[in-house]
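Asks: Structure, please.
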Amino acid sequence: MRDEYIREAQKVISDPNILINVVSRRVKQLRRGSRPLVESLEKLSPEDVALREVIDGKISYELVAV
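Replies: Numbering: from 1, shown residues only. Presented below is the predicted three-dimensional model:
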């Protein structure tokens, strides 16, 4: 994962635990064949794609009280 993507994503989702959960769930979806929500001219890893999606506001999260 690229450090600059991590830093930028932390500006969007400041809680590291939530960021890890959001990115890991999205990585699983991408590895199972989901299409990326961002375009890139270079080949990105699924982790970097998920981080870019967070940075660009393409994916978000919702806290649910149980």
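Asks: Report the outermost residue of the protein with respect to its centre.
Replies: Largest separation from the mean C-alpha position in the chain: V66, at 24.4 Å (Cα atoms, centre = their mean).
Asks: quick one: that residue from N21, how far?
Replies: 15 Å (Cβ to Cβ, to the nearest Å). The way it works is simple: take the backbone N, C-alpha and C, and place the C-beta from them, glycine included.
Asks: again, but for Q10
Replies: Using Cβ to Cβ, we find Q10 at a distance of 14 Å from N21.
Asks: V27 too?
Replies: As judged by Cβ to Cβ, V27 and N21 stand 11 Å apart.
Asks: who's more crowded, these two?
Replies: The neighbour comparison of V27 against N21 (other Cβ atoms under 10 Å) goes to V27, with 19 against 13.
Asks: Now do the contacts for that one.
Replies: Applying Cβ atoms under 8 Å, 6 or more residues apart in numbering to V27 gives the contacts P46, E47, A50.
Asks: hang on, the last one packs against K28?
Replies: No. Contact between A50 and K28 fails when scored by Cβ atoms under 8 Å: they sit 9.5 Å apart.
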